[in-house]
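Visitor: how would this look folded up:
(2 chains)
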2 protein chains.
Amino acid sequence: MLKVPEHQVAGHIASDGKLGPLVDDQGRFFKPLQGDSRGEHEAKFYESFTSNKKVPDHIHRYFPVYHGTQLVEASDGSGKLPHLVLDDVVSGYANPSVMDVKIGSRTWYPDVSEEYFKKCIKKDRQTTTVSLGFRVSGFKIFDHQESSFWRAEKKLVLGYNADGARLALRKFVSSNSPADSNLTPNCAFASEVYGGCNGILAQLLELKDWFETQTLYHFNSCSILMIYENESILMKGGDDAPAPRAQVKLVDFAHVLDGNGVIDHNFLGGLCSFIKFIKDILQSVEKHDETDTSLLENGR
Amino acid sequence: MLKVPEHQVAGHIASDGKLGPLVDDQGRFFKPLQGDSRGEHEAKFYESFTSNKKVPDHIHRYFPVYHGTQLVEASDGSGKLPHLVLDDVVSGYANPSVMDVKIGSRTWYPDVSEEYFKKCIKKDRQTTTVSLGFRVSGFKIFDHQESSFWRAEKKLVLGYNADGARLALRKFVSSNSPADSNLTPNCAFASEVYGGCNGILAQLLELKDWFETQTLYHFNSCSILMIYENESILMKGGDDAPAPRAQVKLVDFAHVLDGNGVIDHNFLGGLCSFIKFIKDILQSVEKHDETDTSLLENGR
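Guide: Numbering: from 1, shown residues only, chains lettered A, B, ... in the order given. This is a model prediction of the structure:
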């Protein structure tokens, strides 16, 4: 039995009889092929990417595993439609916090129609896409005090300026109530989620290395998903406390093009900007820790 | 006595009574302050940059040394006008080959007027700015066979696609007659100009390192100048043969903005793409050398 995914934070949502992705209870994610050939384009990308021996194994793991396409009952009741079958990237988590960040300083690309170009560049200029090289598309945080999910309002998210984006990235790894906008995010999970040798930053840097030389694909309008489980951090010290399993995944490949021997400078530039934001948060947390320690050392 | 610079390859040229830069015989370059406040903006950038202690010394050397502004007789005969006074970056060369490459996948930036935005994005889409993250703006090569300079036609240069840009970057470091478009550029100078520990690539990588973290300035619409002397390479082996002195300089700062805590992802992305082009040329030359050697080793 397929159902609407609980942890989706951006894109088409399959609720109220609309067409959107579905999940099963076996950890599979079913994404309906989008109209006007975009769906087929995405399927073709997955076919190409999955079998591409030039893509190193350690890069493959940043992409959802692809299991072909399948006809399944669409979420909008329109009958059977072809769907991409992918691993559900959040299926192993009990209460995942998830953020979707669209990377790049433009979402259009050479040779698109004027109509599509105009639509994209308008939104790119209205959001932080042009100014920061990325935009937060949506996020949700598991609020352990309330034992429920807090979801950022889409309208607010798309209205972020640089400070708004910075605050969202701090909030995403904070343990104080996300619903209270008067509280300064405490970044309690920053070191364990963004930092460390398996953290988000380390994964982003690995991706950056690849993007500096790969000329296979141009990932237009793709997103980086960041996923982690914050309960596991609070349980730290307990014998069976799981790791936060901070994870980066690339998603949404309906606009991927052949690289034709040129690196994806649009994605790479945005990725580097995003990395700097994450580094800045880690640095501010480390500074804060140092101050705390020196206060203790001075007996204050 | 000021005169029209001999080695300028892009921008406003002071000939036929037009307003443009001038040079003296003491190695100084006089750039008239451009109208509509752009000139003053550039002067302010130089003031800020020159005294900015946060910019490391090894980065300062990629910028022309600034000596303030001065009223001098303008090249268009309109009387005395304020000029930026800079070190003439080619003054130490007898016959420099020079290329001007505008870096970035856009030349416009947030908060420009609609008119300026439209003008820029039109040209950005027509040239390789959008597709490659940089565009060749002009170049000249000293043709040692003819003992004269060969200058690429501006119209052709601005019409380059990816292959055209790649060919220009190969031609720029080749010794076979640049005027003959049927000849495949031999890349005779590639290893010494692009490669080596003091070559263009090493300098670009040093700049890249800085751009990955610097949030002081956004270098909108700036160019990288590449300069070298190819005669010195041909004289190699002679006791007094000078080095090719391959040099990278950043120029044109009329559109530089404060970074406001964000890296210049537009410049960085384009720079990385440009670096990949240079690396590809070096790699193709090395491969070629290996093939030559193995042919020799096999006695063929």
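Visitor: check contacts around the residue of the stretch 201-300 of chain A found nearest chain B.
Guide: When distances are taken as CB to the nearest CB, the stretch 201-300 of chain A approaches chain B most closely through A:Gly269, which lies 2.5 Å from it. All C-beta atoms are positioned from the backbone trio N, CA, C, and that covers glycine. With contact set as CB atoms under 8 Å, 6 or more residues apart in numbering or on different chains, A:Gly269 has these partners: A:Gly104, A:Ser105, A:Gly133, B:Ser105, B:Gly133, B:His265, B:Asn266, B:Leu268, B:Gly269, B:Gly270, B:Cys272.
Visitor: Just give the closest residue to the most centrally placed residue in chain A, not the sequence neighbours.
Guide: Nearest residue to the geometric centre of chain A (CA atoms, centre = their mean): A:Leu225, 1.5 Å. In space, and not counting its chain neighbours, A:Leu225 is closest to A:Lys249: 4.5 Å by CB to CB, 6 or more residues apart in numbering or on different chains.
Visitor: Over to A:Leu156?
Guide: A:Gly164 (7.9 Å).
Visitor: so which helix or strand takes in that neighbour?
Guide: A:Gly164 is located in helix A:162-171, with elements delineated by DSSP states H and E.
Visitor: Tell me which other helices or strands that helix touches.
Guide: helix A:129-132, strand A:134-143, helix A:265-297 (3 or more CB pairs under 8 Å, 6 or more residues apart in numbering or on different chains; DSSP states H and E).
Visitor: For A:Asp76, which of these is the nearest?
Guide: Nearest to A:Asp76 among the helices and strands packed on helix A:162-171 is strand A:134-143; the distance by CB to CB comes to 20.9 Å.
Visitor: Please save the CA atoms from the closest one in CSV.
Guide: What follows is the C-alpha trace of strand A:134-143 in CSV, where atoms were taken according to Å, rounded to 0.1, in the frame of the first residue of the first chain:
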residue,chain,number,x,y,z
PHE,A,134,21.7,28.7,-3.5
ARG,A,135,18.2,28.9,-2.0
VAL,A,136,16.6,27.1,0.9
SER,A,137,13.5,25.4,-0.6
GLY,A,138,12.0,24.0,2.6
PHE,A,139,12.9,22.3,5.9
LYS,A,140,11.4,20.5,8.8
ILE,A,141,12.9,19.9,12.2
PHE,A,142,11.9,17.3,14.8
ASP,A,143,11.1,19.3,17.9
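Visitor: That one: partners in the sheet, and parallel or antiparallel?
Guide: strand A:96-103 (antiparallel), strand A:148-151 (antiparallel) (DSSP bridges).
Visitor: Tell me what A:Phe149 is bridged to.
Guide: Going by DSSP bridges, A:Phe149 is paired in beta bridges with A:Phe142.
Visitor: From A:Pro178, how far off is it?
Guide: For A:Phe149, the distance to A:Pro178 under the criterion CB to CB, to the nearest Å works out to 9 Å.
Visitor: Then A:Val98?
Guide: If you go by CB to CB, the gap between A:Val98 and A:Pro178 works out to 13 Å.
Visitor: between these two, who's got more neighbours?
Guide: Neighbours of A:Val98 and A:Pro178, each counted by other CB atoms under 10 Å in any protein chain shown, are more numerous for A:Val98; the result is 26 against 23.
Visitor: OK, contacts around A:Arg151?
Guide: A:Arg151 makes contacts with A:Val9, A:Gly138, A:Phe139, A:Lys140, as judged by CB under 8 Å, 6+ apart.
Visitor: hmm, 10 Å instead?
Guide: A:Val9, A:Val98, A:Gly138, A:Phe139, A:Lys140, A:Ile141, A:Val157, A:Pro178, A:Ala179 (CB atoms under 10 Å, 6 or more residues apart in numbering or on different chains).
Visitor: For the stretch 51-200 of chain A, which residues score under the pLDDT cut-off?
Guide: Applying pLDDT under 70 to the stretch 51-200 of chain A picks out no residues at all.
Visitor: and the residue of it nearest chain B?
Guide: For the stretch 51-200 of chain A, CB to the nearest CB, closest residue to chain B: A:Gly133, 3.7 Å.
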